[in-house]
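In: Sharing a sequence plus its predicted fold:
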Amino acid sequence: MNVDLKGRAALVTGASSGIGREIALGLARCGADVAVNYLSGQEEAEKVASEISRSGRRSLLVRADVADPEQVRQMFEAVVKNLEGHLDILVNNAGTMVQRCKIEDMDDATFQRVVDVNFKGTFLCCRAAIPIMVAQASQGRSCCIVNMSSIAARTGGGGGAVAYGAAKAAVSTFTRGLANELAPHGIRVNAVAPGVIYTRFHQTFSTPERLEQFKRTIPLGRLGAPEDIVGAVLYLVSDAASYVTGAIIEVNGGM
């Protein structure tokens with residue numbers, strides 16, 4: 001896909017590894033300056049930022065827990081300060097299942113963390129981005145938000161992932177509603193819903209046997225790779241999607 005993002009500034013949350021890493025690098029390859037958010041994977045995040053810098057684009061490494069309002073506020077201040085005062089693209093990728101757990105066995109802290117990272121984090125980052133993007137849009141800059149949902153938002157996330165699926169379903173609904181709210185400003189809001197993407201997420205939360213079961217249900221016959229998600233994100237942030245808002249693009253091999 002020939003996408004030109006020169007002069008655009010982006011923030012990708014949860015960008016130290018997996019899908020977030022590939023999205024950050026993909027945006028940079030298309031010419032964007034990219035802020036790389038991480039929480040615990042500092043060494044990996046530094047490698048992502050270094051790779052972006054080597055490609056000739058400006059990068060910013062910013063540690064923040066997306067579920068913490070003050071840390072989110074500071075992160076957006078740092079992004080605007082260091083990326084020439086702009087934030088044109090926000091990709092809310094940070095997420096976690098915490099653990100596979102039946103609802104009857106899930107404690108309050110686990111449930112709260114699932115909701116906080118997956119949904120509250122998306123809400124907080126969007127809330128912080130909106131005044132920045134509204135001001136830019138009034139000056140003619142194109143701004144957009146891409147949230148990361150999941151196939152679990154549609155299926156319910158069985159196998160101990162019900163709370164995760166519910167949080168991702170909230171992200172999908174939030175995406176559609178926010179798209180309507182920001183449309184008068186010309187700010188587009190969409191989401192990508194990955195299927196089973198083989199990353200550390202599934203290496204942590206899914207056994208080889210479970211992954212093989214997933215694979216048998218995928219019409220294209222393979223698990224997804226992080227690179228498979230990048231094209232959908234690049235499309236949504238590009239001029240090719242200038243009339244697309246409130247969409248949830250499923251990338252799951254037909255699953």
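Out: On my side now, so go ahead.

In: only C-alpha atoms for contact and neighbour calcs from this point on.
Out: Will do.

In: Quick check: which ranges of the stretch 51-200 of the chain have low pLDDT?
Out: By pLDDT under 70, the stretch 51-200 of the chain contains no weakly predicted segment.

In: can you pull out the strands in it?
Out: For the stretch 51-200 of the chain, strands defined by DSSP state E, counting those that start in this stretch occupy the ranges 59-63, 89-92, 144-148, 188-194.

In: which residues are in contact with the third one?
Out: In other words, strand 144-148. 88-94, 122, 126, 168, 171, 175, 187-194, 233, 236-237 (CA atoms under 8 Å, 6 or more residues apart in numbering).

In: ok, 7 Å please
Out: The set of residues external to strand 144-148 that reach it, using CA atoms under 7 Å, 6 or more residues apart in numbering, is 88-93, 187-193, 237.

In: And it, what's buried?
Out: By 16 or more other CA atoms under 10 Å, the buried positions in strand 144-148 come out as 144-148.

In: neighbouring strands for that strand, and are they parallel or not?
Out: Strands that pair with strand 144-148, judged by DSSP bridges, come out as strand 89-92 (parallel), strand 188-194 (parallel).

In: Repeat that for the first one.
Out: Using DSSP bridges, the neighbouring strands of strand 59-63 in the sheet come out as strand 33-38 (parallel).

In: Just the mean pLDDT for the strand it pairs with, thanks.
Out: Strand 33-38 shows a mean pLDDT of 98.

In: From one end of stretch 50-58 to the other, what's the distance?
Out: With CA to CA, to the nearest Å as the measure, the first residue of stretch 50-58 is 10 Å from its last.
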